[in-house]
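**Q** generate coordinates for the sequence data below:
(2 chains)
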Number of protein chains: 2
Amino acid sequence: MRNIKLVLEYDGSAFFGFQRQPHHPTIQEALEKALATFFRRKTKIAAASGRTDAGVHAEGQVVNFKISSDKELRQIQRGLNALLPRPIVVSEIEEVPPGFHARFSIKSKTYEYRVWNHPYRSPLIAGRAFHVPFPLDVAKMRRAARFFVGKHDFRSFTSVTAMKKKDASCVRTIKQFQIKKQGHLILIRVEADGFLYHMIRNMVGTLLEVGRGKRPSGEIAAILRGGDRRLAGMTAPAEGLTFLKAAY
Amino acid sequence: MRNIKLVLEYDGSAFFGFQRQPHHPTIQEALEKALATFFRRKTKIAAASGRTDAGVHAEGQVVNFKISSDKELRQIQRGLNALLPRPIVVSEIEEVPPGFHARFSIKSKTYEYRVWNHPYRSPLIAGRAFHVPFPLDVAKMRRAARFFVGKHDFRSFTSVTAMKKKDASCVRTIKQFQIKKQGHLILIRVEADGFLYHMIRNMVGTLLEVGRGKRPSGEIAAILRGGDRRLAGMTAPAEGLTFLKAAY
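**A** Residues are numbered from 1 along each chain as shown, chains lettered A, B, ... in the order given. Below is the predicted model:
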């Protein structure tokens, strides 16, 4: 059995997230359908580096699957790209050691959240950024974001339902949290060893409330200590979020 | 009568170009419909800085219209943006002297053509760039592009139908022709005092044939001299083209 690693780029707008679910189109379903057609047998994705939510995009989603086949990598990539729907593409392909697992082998993941901060919408970046029409104090958001960096219990920034589901730890380590201004775009880039469900969107939603002047930047420390979802801000919408890359 | 200038941004994918035509949605029709609803009377666009083709985008299309109304500019902008379809937005509004005409007052126009140069498509820039899967020699394209700069008769780079329609001169002056590489994107930016129908897309199509090695870069000079559309290359597709700005 060969172990094949794929890097996927996709526009998440038309999908109900990565993970397969009944009655709704998902990235996993589209990919497994293309694999089955190409290899002429049912082929399951072994793992994905992150299960992106509905509407979330990816520049560098990583998956792996096991297959007995002597087809060349280029041939597999070309075949899958011909079979996949237009919003999904296999941008890289590689054969990896049998022990490689797209989720468990991960060292860090990087996401980017894009905010279009202008009184009016921008049709040319629609669907790729969250439109915030009121002025934002980016310096204040940066000061607030510093509290996220490091090892913390992030239970205040995940959904209550997600927490009830499993007893797993909510401790994660954020390695980098950058906020860049590029014209009217605000680019928020976060690298961590892992993320809880909705964690980035809840952190961004809270930062936007700080930027708008509704919360002091120091409040982030108290929200983290409080360990209660209700202390944090709104969940920023999916369309602004892109899974950038996974490091192994 | 006040003379109002608007700057429009739009995603051209869903429209049959700027200029009104029967049975097809156009930018002009959408805008005049919004104006009529807002001002409660038929209101025509006096002029547009460029009549973008079907599928062509705009970051800075300029139009003007005359109106008797005491509404404030911010109020007009907000009202139009609430009425316009999502792919169109009024990004700027300004009251201009009676003599201002969005087409005749123009000094120069700038367009950008985007090429995604990678073996595979990129779902995240789909619809905003032309996908060229074969390798391109950008240095060669730059050498070829230098022949376009200056005052020339561009009849070889417009459509034959457009030429037959009117006796107008085909002489235009290109002020700048830049080709930048940004990762796998090639950004081709052209500034001129004006453009003939399909002129940019025909120049880009020809440059792509140079970049692919199908024509020597010096051939551009001969094509310009020849004055025959059949000498030039293909018409690059509309989706890669964006009207950036008009200078007055």
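**Q** stretch A:21-37 - what's its average pLDDT?
**A** For stretch A:21-37, the mean per-residue pLDDT is 95.
**Q** before we move on, what about stretch A:51-62?
**A** Per-residue pLDDT over stretch A:51-62 has a mean of 95.
**Q** neighbouring contacts of that stretch?
**A** By Cβ atoms under 8 Å, 6 or more residues apart in numbering or on different chains, the surrounding residues in contact with stretch A:51-62 are A:5-13, A:15-19, A:27, A:48-50, A:91, A:102, A:128, A:198, A:201, A:237-239, A:241-246, A:248, B:124. C-beta: built from backbone N, CA, C; applies to glycine.
**Q** again, only using 6 Å
**A** A:7-12, A:16-19, A:49, A:102, A:238-239, A:241-246 (Cβ atoms under 6 Å, 6 or more residues apart in numbering or on different chains).
**Q** CA atoms of it as PDB?
**A** Provided in PDB are the C-alpha atoms of stretch A:51-62 (Å, rounded to 0.1, in the frame of the first residue of the first chain):
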ATOM      1  CA  ARG A  51     -11.900  19.800   9.100                       C
ATOM      2  CA  THR A  52     -12.900  23.200   7.800                       C
ATOM      3  CA  ASP A  53     -16.400  24.400   8.500                       C
ATOM      4  CA  ALA A  54     -19.100  25.200   5.900                       C
ATOM      5  CA  GLY A  55     -18.000  28.100   3.800                       C
ATOM      6  CA  VAL A  56     -14.400  28.100   4.900                       C
ATOM      7  CA  HIS A  57     -11.700  28.200   2.200                       C
ATOM      8  CA  ALA A  58      -8.400  26.400   1.900                       C
ATOM      9  CA  GLU A  59      -5.100  27.300   0.200                       C
ATOM     10  CA  GLY A  60      -3.200  24.300   1.700                       C
ATOM     11  CA  GLN A  61      -5.500  21.700   3.200                       C
ATOM     12  CA  VAL A  62      -3.500  18.400   3.500                       C
END
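**Q** okay, strands next: where are they in chain A?
**A** Counting by DSSP state E, one finds strands in chain A at the ranges A:2-10, A:47-48, A:57-67, A:88-96, A:108-117, A:130-132, A:150-153, A:171-182, A:185-192, A:241-247.
**Q** can I get those in a markdown table with distance to residue A:160 and mean neighbour count?
**A** Output for the strands of chain A, formatted as a markdown table (distance: least, Cβ to Cβ, whole Å; neighbours: other Cβ atoms under 10 Å in any protein chain shown):
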| stretch | distance to residue A:160 | mean neighbour count |
| --- | --- | --- |
| strand A:2-10 | 29 | 22 |
| strand A:47-48 | 25 | 20 |
| strand A:57-67 | 26 | 22 |
| strand A:88-96 | 32 | 18 |
| strand A:108-117 | 22 | 21 |
| strand A:130-132 | 22 | 19 |
| strand A:150-153 | 15 | 14 |
| strand A:171-182 | 17 | 16 |
| strand A:185-192 | 21 | 20 |
| strand A:241-247 | 20 | 22 |
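**Q** out of those strands, nearest to residue A:36?
**A** Residue A:36 sits nearest to strand A:57-67 of all the strands of chain A, at 11.0 Å, using Cβ to Cβ.
**Q** I figured residue A:36 hits residue A:42, correct?
**A** Yes - contact criterion Cβ atoms under 6 Å: residue A:36 and residue A:42 qualify, at 5.5 Å.
**Q** just name the shakiest helix or strand of chain A by mean pLDDT.
**A** Taking mean pLDDT, DSSP states H and E as the measure, the helix or strand of chain A with the lowest value is helix A:160-165, at a mean of 66.
**Q** right, so of the strands of chain A, which gets closest to residue B:31?
**A** strand A:130-132 (20.7 Å).
**Q** tell me how many other residues crowd the spatially closest residue to residue A:13 that is not a sequence neighbour.
**A** Nearest residue to residue A:13 in three dimensions, chain neighbours excluded: residue A:127, at 5.3 Å (Cβ to Cβ, 6 or more residues apart in numbering or on different chains). Residues lying near residue A:127 (other Cβ atoms under 10 Å in any protein chain shown) number 15.
**Q** can you check residue A:21 too?
**A** By other Cβ under 10 Å, the residues close to residue A:21 number 13.
**Q** let me see the contact set for residue A:142.
**A** The contact partners of residue A:142, taken as Cβ under 6 Å, 6+ apart, are residue A:179.
**Q** that one and chain B, how far apart?
**A** Noted for residue A:142: a distance of 26 Å to chain B, by Cβ to the nearest Cβ, to the nearest Å.
**Q** equivalent analysis for residue A:78, please.
**A** With distances taken as Cβ to the nearest Cβ, residue A:78 is found 8 Å from chain B.
**Q** and stretch A:225-245, C-alpha only, in PDB?
**A** The C-alpha coordinates for stretch A:225-245 follow below in PDB (Å, rounded to 0.1, in the frame of the first residue of the first chain):
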ATOM      1  CA  ARG A 225      -9.200  33.100  32.600                       C
ATOM      2  CA  GLY A 226     -13.000  33.000  32.900                       C
ATOM      3  CA  GLY A 227     -13.300  29.800  30.900                       C
ATOM      4  CA  ASP A 228     -16.900  30.600  29.800                       C
ATOM      5  CA  ARG A 229     -18.000  31.000  26.100                       C
ATOM      6  CA  ARG A 230     -20.500  33.700  27.100                       C
ATOM      7  CA  LEU A 231     -17.600  36.000  28.000                       C
ATOM      8  CA  ALA A 232     -16.200  36.200  24.500                       C
ATOM      9  CA  GLY A 233     -17.600  37.900  21.400                       C
ATOM     10  CA  MET A 234     -19.500  36.900  18.300                       C
ATOM     11  CA  THR A 235     -18.500  34.200  15.900                       C
ATOM     12  CA  ALA A 236     -17.100  35.900  12.800                       C
ATOM     13  CA  PRO A 237     -18.600  34.500   9.600                       C
ATOM     14  CA  ALA A 238     -17.000  31.600   7.700                       C
ATOM     15  CA  GLU A 239     -16.400  33.400   4.400                       C
ATOM     16  CA  GLY A 240     -13.500  35.400   5.800                       C
ATOM     17  CA  LEU A 241     -11.600  32.300   6.900                       C
ATOM     18  CA  THR A 242      -8.900  30.400   4.800                       C
ATOM     19  CA  PHE A 243      -6.900  27.400   6.000                       C
ATOM     20  CA  LEU A 244      -3.500  28.400   4.700                       C
ATOM     21  CA  LYS A 245      -1.200  25.600   5.600                       C
END
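**Q** show the average pLDDT along that stretch.
**A** Stretch A:225-245 shows a mean pLDDT of 95.
**Q** how far does that stretch sit from the chain's center?
**A** Put simply, stretch A:225-245 sits 11 Å off its chain's centre (Cα atoms, centre = their mean, to the nearest Å).
**Q** pull the residues that contact it.
**A** Here stretch A:225-245 makes contact (Cβ under 6 Å, 6+ apart) with A:50, A:52-53, A:55-61, A:110-114, A:127, A:129-130, A:155-157, A:160, A:198, A:201-202, A:204-206, A:209, A:223.
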